[in-house]
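What follows is a protein structure lacking sequence information:
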């Protein structure tokens, strides 16, 4: 019985070690996204890359850019509008992207609009 208790106690400790070593979204690499631009890449990757971004903009933008990863290297928070690939009829979604932060989509998306964020007092993650 005591051996079983020790084994069960070791499982959470092992899981905590795995979670602690996982990188956070705020540590996402900027790849080849120049300072002062907002970038979107069409494929998933982690670390530095020379993959050509599907979108590079230094201001407000609208259009359609395939995206898996995005990074905001501008000095302002932006509102990013996007739709899931193949589901445009479900309507767009928006997300606030803080200056100096980036992350990824778990499914391919089309980024359709980048706009400077109007500060309404709500937090931007």
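Right, received. Where do you want to start? This structure is a prediction, so every number in the text was calculated from the model and none was measured. Residues are numbered from 1 along each chain as shown.

Can you show me the strands along the protein?
38-41, 55-57, 61-72, 78-84, 93-97, 102-116 (DSSP state E).

In the last one, which residues are buried?
Within strand 102-116, the residues that qualify as buried are 102, 103, 104, 105, 109, 110, 111, 112, 113, 114, counting by 16 or more other CB atoms under 10 Å. All C-beta spots, glycine's among them, are computed from the backbone N, C-alpha and C.

Those into JSON lines, with extra columns for distance to residue 122?
Putting the buried residues of strand 102-116 into JSON lines (distance: CB to CB, whole Å) gives the following:
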{"residue": "102", "distance to residue 122": "20"}
{"residue": "103", "distance to residue 122": "18"}
{"residue": "104", "distance to residue 122": "23"}
{"residue": "105", "distance to residue 122": "22"}
{"residue": "109", "distance to residue 122": "22"}
{"residue": "110", "distance to residue 122": "25"}
{"residue": "111", "distance to residue 122": "21"}
{"residue": "112", "distance to residue 122": "22"}
{"residue": "113", "distance to residue 122": "19"}
{"residue": "114", "distance to residue 122": "18"}
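
Go through those and name the one nearest residue 65.
Comparing the buried residues of strand 102-116 against residue 65 with CB to CB picks out residue 111 as the nearest, at 4.8 Å.

Who are the contact partners of that closest one?
40, 54, 55, 64, 65, 67, 70, 80, 81, 82 (CB atoms under 8 Å, 6 or more residues apart in numbering).

Return the set of residues that bridge with it.
residue 65, residue 82 (DSSP bridges).

Roughly how far does it sit from residue 71?
Counting by CB to CB, to the nearest Å, the separation of residue 111 from residue 71 is 12 Å.

quick revisit: now, of the contacts of residue 111, which are buried?
Buried, going by 16+ other CB under 10 Å: 40, 54, 55, 65, 67, 70, 80, 82, out of these.

What pLDDT does the model give the fifth one?
Right, the one you point to is residue 67. As predicted, residue 67 sits at a pLDDT of 92.

Surely it is in contact with residue 39?
No: using CB atoms under 8 Å, residue 67 makes no contact with residue 39, being 9.5 Å away.
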